[in-house]
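[1] Provide a 3D model corresponding to the input given below.
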Amino acid sequence: MSLLEPLRHRSFRALAAGRTLGTFGNSVAPVALAFAVLDRTGSAVDLGLVVGVRSLAGILLLLFGGVLADRLPRAVILQGTEIAAGLSQALIAASVLCGFGSVPFLISLSVVNGAVAAMSLPASAAITPQTVPRDLLAPANALLRLLVNGGRIAGAGVAGVAVAAAGPGWALAVNALLFFAAALAYHAVRLPRADRVPGARPIADLVAGWHEFRSRAWVWVVVAQFAFVNAAGLGTLVVIGPVVADETFGRSGWGLALAMQTAGALLGGIVAAHWRPRHALFVGVLLVTVEALPVLTLGWWPSLVPLLIAMLAAGLAMEQFSVAWDVSLQEHIPPDKLARVYSYDMLGSLAAMPIGQIAAGPLVQHFGREPVLVACGVLILVSTGLALCSREIRQLTNRTAAPAVPTGS
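    Residues are numbered from 1 along each chain as shown. Next up, the predicted model:
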């Protein structure tokens, strides 16, 4: 099946355009905002506050975003959140360009941005099955991830050029236009009325979503696994990786390693679109073990070439898991509860990331770099091994798997 087959469906084309533009804008925003704060105050503490409150607001409101996405038309939610993001970014841009962008003002708008992101994430994840037939879920999710990764790469590159050429204020203005363009794209998404499921009460909806989440062991086991994987893996790479680079192969080498990881993800998306094993979730969870390679490489063999290979492999492997996970949720969770299950997934998987990032520096100071890196790599392997002990994960069947080829006797 062609990777481009889902693009024959109008609503999916609109969804793909909206998510790509939105990701592009979200990649521009942190870079432009960081330099705007530094130009204004020159304080890393102020920058941490502005960025940190956005993440905190996003985590705290994820569950509410899941409730809304199961109660209201998801395309309307995506349009509204992109418009709200565009307006808040336009206000930030105006404050920077006109000189009235105080730190409290920027913090307030960062809270708005975090809340908007929390509203949009469950809806954007849960809407895919409503835009394509069931047999196109695997290529549709793979293609979306390819486009999102491409938008992330392009956004980061454009942000740096725009800030250098025109300043952070104008870069933020471009960022606002990208969000408005994403809202316009989402306006073209047309969903069947039958899929627009009204909810009851927010608390009751949360309870129902929690019951759906915990009633399937394969769901909560994977989320628990990724609480450790994200804390040990992403926390390590983001905090300790640059330190290792400064001491060994240099900052340009670290940038190349991150680019290699993204290249692996792009390649992995193409593979995932065409390779559909019957027990896709089991294969995906098993491949998460590869995520330990970059961490262990930094600890035992901090050289550029081994790290590039490890990052490429990790990006490719993690994309297989990501597509398998999305398809598994979209096939097995009832559509009217899917966004709430996604919100519990995102909350459980992402909440531990800041803990890992905050703890990485002190742990390295106390125990040394190599022991911490090796311990994080082992934690990834152990948590993944425990997840594989779940019979539900090993036996979950992918309904859209490629049919087996009969063999002769």
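
[2] Please make it C-alpha for all contacts and neighbour counts, starting now.
    Noted.

[3] Report the buried residues of the helix ranked longest in the chain.
    Longest helix in the chain by number of residues (criterion: DSSP state H): helix 10-41. Under the neighbour-count criterion of 16 or more other Cα atoms under 10 Å, helix 10-41 has 11-37, 40 buried.

[4] distance between that helix and the chain's centre?
    Chain-centre distance of helix 10-41: 13 Å, with Cα atoms, centre = their mean, to the nearest Å.

[5] Look up how far L363 lies from L15.
    According to Cα to Cα, to the nearest Å, L15 stands 42 Å off from L363.

[6] wait, I meant L329
    36 Å.

[7] ok, these two, which is more surrounded?
    L329 (20 against 15; other Cα atoms under 10 Å).

[8] what about the more buried one, helix or strand, and which?
    Per DSSP states H and E: L329 is located in helix 304-332.

[9] quick one: average pLDDT of that helix?
    Per-residue pLDDT over helix 304-332 has a mean of 89.

[10] other SSEs contacting it?
    Applying 3 or more Cα pairs under 8 Å, 6 or more residues apart in numbering; DSSP states H and E, one finds that helix 304-332 contacts helix 137-166, helix 251-274, helix 280-287, helix 292-300.

[11] State the phi and psi torsions of W301.
    phi -150, psi 70 (degrees, to the nearest 10).

[12] how many neighbours does it have?
    Around W301 there are 14 residues (other Cα under 10 Å).

[13] okay, it: pLDDT?
    pLDDT, read off for W301, is 86.

[14] ok, it - contacts?
    By Cα atoms under 8 Å, 6 or more residues apart in numbering, no residues touch W301.

[15] do you know how far it is from N175?
    Distance from W301 to N175, by Cα to Cα: 40 Å.

[16] Q365 too?
    Distance, Q365 to N175, by Cα to Cα: 38 Å.

[17] who's more crowded, the two?
    More neighbours surround N175 than the other of Q365 and N175, with 28 against 10 (other Cα under 10 Å).

[18] quick one: that one and L33 touch, right?
    No - using Cα atoms under 8 Å, N175 is not in contact with L33, being 10.3 Å away.

[19] Now do the phi/psi pair for H187.
    According to degrees, to the nearest 10, H187 has phi -60, psi -20.

[20] Please verify my assumption that I59 contacts G348.
    No - I59 is beyond contact range of G348, at 9.5 Å (criterion: Cα under 8 Å).

[21] Quickly list the domain ranges of this protein.
    1-199, 200-400 (automatic domain parsing).

[22] between these, which gets the lowest average pLDDT?
    domain 1-199 (a mean of 80).

[23] what residues are up against the nearest residue in space to R74 that is not next to it in sequence?
    Nearest residue to R74, sequence neighbours excluded (Cα to Cα, 6 or more residues apart in numbering): A123, at 5.4 Å. The neighbours of A123, taking Cα under 8 Å, 6+ apart as the test, are 65-66, 69-70, 74-75, 77-78, 339.

[24] what do you get for M311?
    257-258, 260-261, 264, 293-294 are the contacts of M311 under Cα under 8 Å, 6+ apart.

[25] The residue lying closest to L62 once chain neighbours are set aside: which element?
    Computed as Cα to Cα, 6+ apart, the closest residue to L62 that is not its neighbour in sequence is A118, at 4.7 Å. Counting by DSSP H and E, the element that carries A118 is helix 103-126.

[26] Could you do A227 as well?
    Using DSSP H and E, A227 falls in helix 217-229.

[27] And the contacts of that helix?
    213-214, 285, 345, 348-353, 379-380, 383-384, 387, 390, 392-393.

[28] tilt between that helix and helix 304-332?
    Computed by axes from the mean of the first three to the mean of the last three Cα atoms, to 10 degrees, the angle separating helix 217-229 from helix 304-332 equals 150 degrees.

[29] next structured bit after helix 217-229?
    helix 235-247.

[30] Show me which residues of that next one are buried.
    235-237, 239-245.

[31] For those residues, give me a markdown table that also has distance to L308.
    Listed next are the buried residues of helix 235-247 as a markdown table, based on distance: Cα to Cα, whole Å:
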| residue | distance to L308 |
| --- | --- |
| G235 | 19 |
| T236 | 16 |
| L237 | 13 |
| V239 | 18 |
| I240 | 16 |
| G241 | 13 |
| P242 | 14 |
| V243 | 17 |
| V244 | 14 |
| A245 | 12 |
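
[32] mind listing what L121 touches?
    62, 65, 343.

[33] just the CA coordinates of the helix or strand where the last one lies, formatted as PDB?
    Spelled out, it's S343. Here S343 sits within helix 338-350, counting by DSSP H and E. Extracted in PDB, the C-alpha atoms of helix 338-350 (Å, rounded to 0.1, in the frame of the first residue of the first chain):
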ATOM      1  CA  LEU A 338     -10.100   7.700  22.400                       C
ATOM      2  CA  ALA A 339      -9.100  11.400  23.200                       C
ATOM      3  CA  ARG A 340      -9.400  10.800  26.900                       C
ATOM      4  CA  VAL A 341      -7.300   7.700  26.800                       C
ATOM      5  CA  TYR A 342      -4.700   9.700  24.700                       C
ATOM      6  CA  SER A 343      -4.800  12.400  27.400                       C
ATOM      7  CA  TYR A 344      -4.000   9.900  30.200                       C
ATOM      8  CA  ASP A 345      -1.300   8.400  28.000                       C
ATOM      9  CA  MET A 346       0.300  11.800  27.400                       C
ATOM     10  CA  LEU A 347       0.100  12.800  31.000                       C
ATOM     11  CA  GLY A 348       1.600   9.500  32.300                       C
ATOM     12  CA  SER A 349       4.300   9.400  29.600                       C
ATOM     13  CA  LEU A 350       5.400  13.100  29.800                       C
END
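
[34] No further questions, thank you.
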